[in-house]
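>>> here are the coordinates; sequence isn't available:
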């Protein structure tokens, strides 16, 4: 397992390398502890976002306490809804919106213009104050359990809700939307929600980029793709609840929460199936370790580092999943060998033997029913790198690095990187080797001396 210096993190797999010599400066071919320390400090952008959210929350709470609550019943009802949504927040997987019910309730309150036909008078400060109070109360169990994502989650909730409220509440309270009715009013809410969702996606990508140092572009692309899933359900539910409360009152809240709760439950089940699927692949990959063909933990380490390198090179979504699965199963072809390769080190074998093992591995992967793209990567990991897809280049390079660093003694990581750089003319893709060096320097990973 990987040892990560505080302030840095490895990829989402949680596996990496540990227990050996620190590699903290492989970037640009030099070892620089100072550069590593700079990377591992708390990022400025992260502090800026958290500080901004804290200031907005503090000012809103102070103003609300000074002026008092308008429409207390409405505020309490939405506060309870948001709090319940936060209490049921899902912390079991990396998902874009862990508390969709809380998000929909917060957006609905930010865009609430009337209650059963009576115009409301609450403003931006009260919206943010209610969201902050309910969010903090609902987050207590998660903070108690040590959820590291709670500050980012609350900061996003405060800033995105505040943005929606600023776009709507001042103009509504001034009577600008009095003459708006029917489709025009609904389209207005949808437009504000779309802008809010885009801002929240940018904010989420910026926070992840700040914490992980992964490229911002692919992270933003992932966030925007997620808007088509649970994000669109959250926005639609928020708009519908605001419109329904304006007509029939607070009884609309429990009625329109049910579809979103069912959606959340279905999404959890789907994610649980995917988690089980990945665990099955990881178990298959361990067959080579159990049979004594590869060192313990080798496939897991290669998968973790491959995923991190893929992130650095801009891969996302399905491409990252295919890369991870292929890295887990990259050595499965060794099960066909009568005599195991010493320490499972295929990088030192003749090219023809490497290709034979890779083709046998691809055939095994196809028999397991795994995505055919995974089998292609496994089959082509031994091809000349100019003919390989990006995922196969990454698996080939990371596997060679892990084998070389493991066998090179105390200076293994640095020596392995230098050997890979010297072989970029024919064996390893230069851009992948440099990405690997950046990942090792940035994430402050260490390399294992044993599985």
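Perfect, thanks for sending it. Computed from a prediction, not measured in an experiment: that's the story for all the values here.

>>> which residues of the stretch 1-150 of the chain score low on pLDDT?
1-42, 90-98, 147-149 (pLDDT under 70).

>>> mind doing that once more with 80?
Applying pLDDT under 80 to the stretch 1-150 of the chain picks out residues 1-43, 88-99, 142-143, 145-150.

>>> kindly report the same for the stretch 201-350 of the chain.
226, 228-230, 260, 263-268, 270-271, 336-348.

>>> just the helices in it please.
216-226, 232-248, 252-285, 287-290, 298-312, 318-328 (DSSP state H, counting those that start in this stretch).

>>> just name the most buried of these.
Highest mean neighbour count among the helices of the stretch 201-350 of the chain (mean count of other C-beta atoms under 10 Å): helix 298-312, with a mean of 27. In this view, the C-beta of every residue, glycine as well, is placed from N, C-alpha and C.

>>> which strands or helices does that one pack on?
helix 252-285, helix 287-290, helix 318-328, helix 390-407, helix 430-442 (3 or more C-beta pairs under 8 Å, 6 or more residues apart in numbering; DSSP states H and E).

>>> residues in contact with the second one?
I take that to be helix 287-290. For helix 287-290, contacts defined as C-beta atoms under 8 Å, 6 or more residues apart in numbering pick out 294, 295, 296, 297, 298, 299, 331, 332, 334, 335, 344, 451.

>>> top of those by number of neighbours, please.
residue 299 (29 neighbours; other C-beta atoms under 10 Å).

>>> where in the stretch 351-451 of the chain is pLDDT low?
369, 406-412, 425-426, 442-451.

>>> which non-adjacent residue is nearest residue 263?
The spatially closest residue to residue 263, leaving aside those adjacent along the chain, is residue 233, at 5.2 Å (C-beta to C-beta, 6 or more residues apart in numbering).

>>> how close does the one you found get to residue 52?
27 Å (C-beta to C-beta, to the nearest Å).

>>> if we can go back for a sec, would you check that the residue nearest to residue 263 makes contact with residue 260?
Yes. Counting by C-beta atoms under 8 Å, residue 233 touches residue 260, with 6.2 Å between them.

>>> spit out the residues that contact these two alike.
With C-beta under 8 Å, 6+ apart, residue 233 and residue 260 have common neighbours residue 100.

>>> surely residue 73 touches residue 245?
No. If you go by C-beta under 8 Å, residue 73 and residue 245 don't touch, sitting 11.6 Å apart.

>>> between the two ends of stretch 293-301, how far is it?
End-to-end distance of stretch 293-301 (C-alpha to C-alpha, to the nearest Å): 16 Å.

>>> can you start the count at 35 instead of 1 from here on
Happy to do that; since the first residue is 35 now, the last one works out to stretch 327-335.

>>> distance from it to the middle of the chain?
25 Å (C-alpha atoms, centre = their mean, to the nearest Å).

>>> for stretch 419-434, same thing?
24 Å.

>>> got it, and stretch 285-292?
30 Å.

>>> likewise stretch 402-413?
24 Å.

>>> now that stretch: buried residues?
Of the residues in stretch 402-413, 404, 405, 407, 408, 409, 410, 411, 412, 413 count as buried by neighbour count, 16 or more other C-beta atoms under 10 Å.

>>> and stretch 106-125, by the same measure?
By 16+ other C-beta under 10 Å, the buried positions in stretch 106-125 come out as 108-109, 111-113, 115-121, 123, 125.

>>> before we move on, what SS does the residue of the chain positioned farthest from its centre have?
The C-alpha centroid of the chain is most remote from residue 213, which lies 43.0 Å away (C-alpha atoms, centre = their mean). Using DSSP: H, G, I helix; E, B strand; the rest coil, the structure places residue 213 in coil.

>>> okay if I get the helices of the stretch 235-384 of the chain as JSON lines plus distance to residue 435?
Below are the helices of the stretch 235-384 of the chain laid out as JSON lines (distance: least, C-beta to C-beta, whole Å):
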{"stretch": "helix 250-260", "distance to residue 435": "22"}
{"stretch": "helix 266-282", "distance to residue 435": "41"}
{"stretch": "helix 286-319", "distance to residue 435": "18"}
{"stretch": "helix 321-324", "distance to residue 435": "18"}
{"stretch": "helix 332-346", "distance to residue 435": "8"}
{"stretch": "helix 352-362", "distance to residue 435": "12"}
